[in-house]
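Colleague: have a look at this fold, sequence not included:
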């Protein structure tokens, strides 16, 4: 097969991981995830170097012997890049690049690069750029050449100001502008969410690549983008579904991952606001993953970080079709959340049970009722308009007949006028 000269060649990377002997992490699984991250970023992992070490070396993270091993792997495989499965200090990164003569990136930088490649909407692009700028500012290395085009940049250089100081100032100005744009976007989302009152809103959360988008498609008949790759979805996707006449809005959100960079979590607050505004979170987990427990813990950690720890959650254990038939699935889920639902978004197994749980949740929040309100009770009519989502309205000689969605507390105030449902 002839190669396309316009296609950028994939970089060859050496992976490095250091862990304490007693930290409980499965080294092979960690390296497998790092390999998938590198692949998603357009790199081929050609070698890996590991070290058991209680504390990272303050200068180069790995010891001198392992540094020589990394250098040998670079030369043997003609690698252009070294990826550490850890966060490096700016000084460690500089020392490593000087010692190895190659570009060195850490886990945060790798994930930020993937998000930059995957961002499609304007909002996602702003969020990723903000996270990258906040990450790069303390380790500034003239990477942000596009900053020279920012309004107010060129021509405002003060006397005696070095180029590095100019770049840092431009970066801070850009950060401030992006933060303001994202605050405005978040306010607009909150206003838009007010128009959803009456619909039961559900946000799908979970570790990256657990099948959230496939589940969204299976439940709603939608065509959300699906790819068997980490972080296939960055932008929130909302679809409608109806169960027994009850409207439910499902939103697929960005996948989480172990040690998700804090700057990225903060920057994606506008996108993740869908999680905070939802009536229910579907925490989708990959039942077939050997790291099921760690992945569930990672998602819960991120939910806590964004202030969603108290949101109502329903566990959904996906990919049961990949399990060995002899596996005691009930015993597995008992360790995490026995009240969850076991499904296969691929085969449809368990989806009816899940729809039933969603319907129950929707009815607890909003019940579909028919009311007959006489013309003389203007207060009841005004209360209904203010607190319900009116679906149908008709008039007769006695008053107004309304089909509406009402919360249980509001339903109690109008109980005497209910003629059906409730």
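Modeller: The structure has been received and is ready for your questions. Because the structure is a prediction, the values reported are computed rather than measured.
Colleague: what separation is there between residue 166 and residue 19?
Modeller: 41 Å (CB to CB, to the nearest Å). The way it works is simple: take the backbone N, C-alpha and C, and place the C-beta from them, glycine included.
Colleague: do residue 12 as well
Modeller: 24 Å.
Colleague: let's see the pLDDT reported for residue 318.
Modeller: pLDDT recorded at residue 318 is 97.
Colleague: ok, the closest residue to it other than its chain neighbours - contacts?
Modeller: Once flanking residues are discounted, residue 318 sits nearest to residue 211: 4.6 Å by CB to CB, 6 or more residues apart in numbering. Neighbouring residues of residue 211 by CB atoms under 8 Å, 6 or more residues apart in numbering: 284, 286, 318-319, 345-346.
Colleague: and residue 48, by the same measure?
Modeller: Here residue 48 is in contact with 14-17, 31, 35 (CB under 8 Å, 6+ apart).
Colleague: switch the cut-off to 6 Å
Modeller: 15, 31 (CB atoms under 6 Å, 6 or more residues apart in numbering).
Colleague: next SSE downstream of the helix or strand where it lies?
Modeller: If you go by DSSP states H and E, residue 48 is part of strand 43-52. Moving toward the C-terminus from strand 43-52, the next helix or strand (DSSP H and E) is helix 64-77.
Colleague: tell me which residues in that next one are buried?
Modeller: 66-67, 69-71, 73-74 (16 or more other CB atoms under 10 Å).
Colleague: same question for stretch 396-414.
Modeller: 399-406, 410-411, 414.
Colleague: between those residues, which sits nearest residue 184?
Modeller: residue 405 (30.4 Å; CB to CB).
Colleague: mind checking the longest helix of the protein?
Modeller: If each helix of the chain is counted by residues according to DSSP state H, the longest one is helix 163-194.
Colleague: quick one: mean pLDDT for that helix?
Modeller: Rounded mean pLDDT across helix 163-194 is 85.
Colleague: ditto for stretch 35-54
Modeller: pLDDT averaged over stretch 35-54 gives 93.
Colleague: now the end-to-end length of that stretch.
Modeller: Distance between the two ends of stretch 35-54: 24 Å, counting by CA to CA, to the nearest Å.
Colleague: start at 37 instead
Modeller: Yep, numbering from 37; the last one is stretch 71-90 now.
Colleague: buried stuff in it?
Modeller: Quick answer for stretch 71-90 (16+ other CB under 10 Å): 71, 73-77, 79, 81-87.
Colleague: just the angle between whatever helix or strand comes next after the longest helix of the chain and helix 199-230, please?
Modeller: Later in the chain than helix 199-230, the nearest helix or strand by DSSP H and E is strand 236-242. Going by axes from the mean of the first three to the mean of the last three CA atoms, to 10 degrees, strand 236-242 is angled at 140 degrees with respect to helix 199-230.
Colleague: helices and strands around strand 236-242, which ones?
Modeller: strand 282-288, strand 316-322 (3 or more CB pairs under 6 Å, 6 or more residues apart in numbering; DSSP states H and E).
Colleague: partner strands of the last one and their direction?
Modeller: If I follow you right, that is strand 316-322. strand 236-242 (parallel), strand 349-354 (parallel) (DSSP bridges).
Colleague: buried residues, the longest helix of the chain. List them.
Modeller: Buried residues in helix 199-230 (16+ other CB under 10 Å): 202-207, 209-211, 214, 217-218, 221-222, 225, 229.
Colleague: now, which of those residues sits nearest residue 237?
Modeller: residue 229 (7.7 Å).
Colleague: now mean neighbour count and distance to residue 273 too, for the helices and strands packed on strand 236-242, in TSV please.
Modeller: Listed next are the helices and strands packed on strand 236-242 as TSV, based on neighbours: other CB atoms under 10 Å; distance: least, CB to CB, whole Å:
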stretch	mean neighbour count	distance to residue 273
strand 282-288	22	5
strand 316-322	24	14
